[in-house]
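Q: Here is my input, please return the structure:
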Amino acid sequence: MKKNVFYSCIALVISLCSIAYSQWLTVDSGTDANLRSISFVNENVGWIAGDDLLLYTTDQGQSWNEKPLPGIHNSIFFYDEQTGWVCSEFGEIFKTTDGGETWLPKVSGTVNALKSIRFIDEMTGLAVGFFQTVLMTTDGGESWVQMLHSGTEHFLSSSLINNQKIFIAGTNGSIFISNDTGQTWDSVNVGMPNGLYAIEFINLNTGYVFGCCGSYFKTTDGGLTWEDKGYITTGDIIFSGYFINNTTGWVVGELGWLLKTTDGGENWFENGPPILTDLYDVTFIDDNIGFIAGANGLILKTTNAGGTSTAVDELLDAIPNEFVLYQNYPNPFNPSTIIQYSIGSGQVVTLKVFDLLGREIAVLVNEYKDAGKYMVEFSSEGISSGIYFYSIEAGEFTASKKLLLIK
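A: Just a heads-up that it's a prediction; the model follows:
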């Protein structure tokens with residue numbers, strides 16, 4: 001009898017510890033489509049936009065239902081339970097006014113990829129995308145007006161602070177700011193040519209921007225200046241960030257990066273499961289309950305603010321145990337792009353670029369490398385627009401990927 005009581009107590013302790021330290025658990029999405037954007041209306045009702053579909057929940061994300069909608073949907077935003085908008089890869093904008101039962105296409109005036117859609121209120125909204133596309137609406141998304149379209153930067157994310165102040169981040173390290181609801185714009189540069197995928201403001205003065213190669217920057221003066229805070233991944237892109245207050249926030253990115261800060265971004269800690277799936281968006285509905293959407297139908301949920309964490313410095317110092325050739329960024333590119341690769345053991349590494357006819361264009365690496373993760377820049381100087389391939393050899397590991405130069 002005493003023995004049974006003992007083992008029952010042990011089981012209870014293990015169960016309690018598991019609950020206390022549980023972090024992010026996988027939720028069945030019912031799909032293997034890429035899931036790119038999340039919007040919760042309230043604690044129960046939420047939507048996720050993905051490839052050729054939308055998912056919705058009415059039970060706090062315990063179960064998800066599919067709503068077919070053709071297209072590659074990059075961003076979704078709901079104002080209330082009835083009214084929401086989606087923007088997509090070829091300039092499409094859809095709107096619902098009946099809680100997602102029907103989605104009607106709206107004329108956007110562009111075929112450029114739209115990457116972010118946000119609304120200040122039920123009438124005033126913003127959609128941004130490639131080639132400096134900035135669309136504004138003041139009638140609830142029924143019609144859209146082009147506010148800015150005069151450059152080669154691709155806008156990737158946006159943040160609306162109030163009914164006047166707008167921040168947009170994109171390629172080449174550029175941040176655009178409007179103080180009059182998009183009528184006029186100023187621009188600043190963070191000081192390096194990284195793509196900036198996520199911009200997040202927690203008040204009028206304090207904001208963060210995250211992007212290529214794990215870089216991130218912080219402002220405390222309303223975006224006038226940006227402090228370079230270094231890198232928080234081993235070279236992988238941060239796609240999304242979300243802060244629940246002035247100190248606590250999360251970011252997600254390529255190859256399963258999920259990091260948390262509790263001191264306003266001064267220090268970051270690994271906060272997720274050991275997965276290599278790209279994570280595209282993160283959001284929270286209160287201080288403890290959060291959701292992440294990712295590639296191949298992945299949905300993660302936490303009910304305890306992510307549980308325990310590991311210092312990011314320990315992760316950055318870790319030596320990779322696999323061989324990987326990553327997709328270059330940006331792609332398409334001009335005038336230069338970054339190529340990253342990992343090797344799991346010391347090897348002689350060659351990394352070369354070829355044209356479509358197989359002719360060698362450039363030798364980027366040809367030397368012995370210790371196990372680790374590396375990045376190299378490829379410049380388009382002296383070559384014309386077109387499709388190229390880059391290939392790596394490291395011991396028995398070989399891989400190739402395509403890149404596109406547009407001048």
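
Q: Can you point out the buried residues in stretch 223-232?
A: By 16 or more other Cβ atoms under 10 Å, the buried positions in stretch 223-232 come out as 223, 226, 229, 231-232. Heads up, the C-betas are built off the backbone N, CA and C, glycines and all.

Q: what bits of the chain have low per-residue confidence?
A: For the chain, residues meeting the criterion pLDDT under 70 lie at 1-22, 149-151, 274, 308-321, 329.

Q: Residue nearest the middle of it, spatially speaking?
A: By Cα atoms, centre = their mean, the chain has its centre lying nearest to Phe239, at 1.5 Å.

Q: Quick check: that residue touching Trp250?
A: No: if you go by Cβ atoms under 8 Å, Phe239 and Trp250 don't touch, sitting 11.8 Å apart.

Q: So for the longest strand anywhere in the chain, what gets flagged as buried?
A: Looking across the chain with DSSP state E, the single longest strand is strand 65-78. Applying a neighbour-count criterion of 16+ other Cβ under 10 Å, one finds 69, 71-78 buried in strand 65-78.

Q: OK, contacts around the closest residue to Tyr374 other than its chain neighbours?
A: Distance criterion Cβ to Cβ, 6 or more residues apart in numbering; nearest residue to Tyr374, sequence neighbours excluded, is Tyr341 at 5.8 Å. When the contact criterion is Cβ atoms under 8 Å, 6 or more residues apart in numbering, the partners of Tyr341 are 323-326, 349, 351, 373-375, 392, 394.

Q: Ok, Asp287 next?
A: Asp287 is in contact with 244-245, 248, 305, counting by Cβ under 8 Å, 6+ apart.

Q: Which SSE is immediately downstream of the helix or strand hosting Tyr388?
A: Counting by DSSP states H and E, the element that carries Tyr388 is strand 386-394. As assigned by DSSP H and E, the chain's next helix or strand after strand 386-394 is strand 397-405.

Q: Against which helices or strands is that following strand packed?
A: Contact partners of strand 397-405 among helices and strands, from 3 or more Cβ pairs under 8 Å, 6 or more residues apart in numbering; DSSP states H and E: strand 324-325, strand 386-394.

Q: now that strand against strand 386-394, angle please.
A: 160 degrees (axes from the mean of the first three to the mean of the last three Cα atoms, to 10 degrees).

Q: buried set for strand 397-405?
A: Buried residues in strand 397-405 (16+ other Cβ under 10 Å): 397, 403, 405.

Q: Check stretch 364-372 too.
A: Within stretch 364-372, judged by 16+ other Cβ under 10 Å, the buried ones are 364-365, 369.

Q: before we move on, what about stretch 368-384?
A: Neighbour-count burial for stretch 368-384 [16+ other Cβ under 10 Å]: 369, 373-374, 378, 380.

Q: rewinding a little: let's have the contacts of Tyr341 in a markdown table, adding distance to Ser178.
A: Converted to a markdown table, those look like this (distance: Cβ to Cβ, whole Å):
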| residue | distance to Ser178 |
| --- | --- |
| Phe323 | 45 |
| Val324 | 40 |
| Leu325 | 40 |
| Tyr326 | 34 |
| Val349 | 46 |
| Leu351 | 41 |
| Lys373 | 38 |
| Tyr374 | 39 |
| Met375 | 33 |
| Ile392 | 43 |
| Ala394 | 47 |
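
Q: so which of those comes closest to Pro273?
A: Val324 (19.0 Å; Cβ to Cβ).

Q: Quick check, that closest one in contact with Ser342.
A: Yes: look at Val324 against Ser342 with Cβ under 8 Å: they come within range, at 4.5 Å.

Q: When those two are compared, which one has more neighbours?
A: Higher neighbour count among Val324 and Ser342: Ser342, with 21 against 16, using other Cβ atoms under 10 Å.

Q: dump the residue contacts of the more buried one.
A: Contacts of Ser342 by Cβ under 8 Å, 6+ apart are 320, 322-324, 326, 372-374.

Q: same thing with Ile275?
A: For Ile275, the contacting residues are 256, 298, taking Cβ under 8 Å, 6+ apart as the criterion.

Q: for Ile161, same thing?
A: Ile161 sits next to 167, 201, 204 when contact means Cβ under 8 Å, 6+ apart.

Q: Verify the contact between the second one and Ser159 for me.
A: Yes: the pair Phe201 and Ser159 qualifies as a contact (Cβ under 8 Å) at a distance of 4.8 Å.

Q: Quickly list what's touching both of those two.
A: 167, 207.

Q: For this structure, which segments are assigned as helices?
A: For the chain, the helices defined by DSSP state H cover 2-21, 312-316.

Q: bridging residues for Thr137?
A: With DSSP bridges as the criterion, Thr137 is bridged to Gly125.

Q: From Phe333, how far out is it?
A: To Phe333, Thr137 is 32 Å away according to Cβ to Cβ, to the nearest Å.

Q: before we move on, back to that, show me the buried residues of stretch 364-372 that map onto strands.
A: Using DSSP E, the subset of these located in strands is 364-365, 369.

Q: want to throw these into a markdown table with distance to Val188?
A: What follows is these, written out as a markdown table (distance: Cβ to Cβ, whole Å):
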| residue | distance to Val188 |
| --- | --- |
| Leu364 | 31 |
| Val365 | 34 |
| Lys369 | 36 |
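
Q: Kindly indicate which of the residues you listed lies nearest Leu255.
A: When these are compared against Leu255 (criterion: Cβ to Cβ), the nearest one is Lys369, at 19.7 Å.

Q: wait, what's in contact with the closest one?
A: So Lys369 contacts 343, 346-349, 394 (Cβ under 8 Å, 6+ apart).

Q: Out of these, list just those in strands.
A: 343, 347-349, 394.

Q: Most neighbours of all the residues you listed, which one?
A: Ile343 (24 neighbours).

Q: Excluding covalently adjacent residues, which one is nearest to that residue?
A: Take Ile343 and drop its neighbours on the chain: the residue closest to it by Cβ to Cβ, 6+ apart is Ala394, 5.0 Å away.

Q: cool, and Asn203?
A: Using Cβ to Cβ, 6+ apart and skipping residues adjacent in sequence, the residue nearest Asn203 is Asn246, 7.5 Å away.
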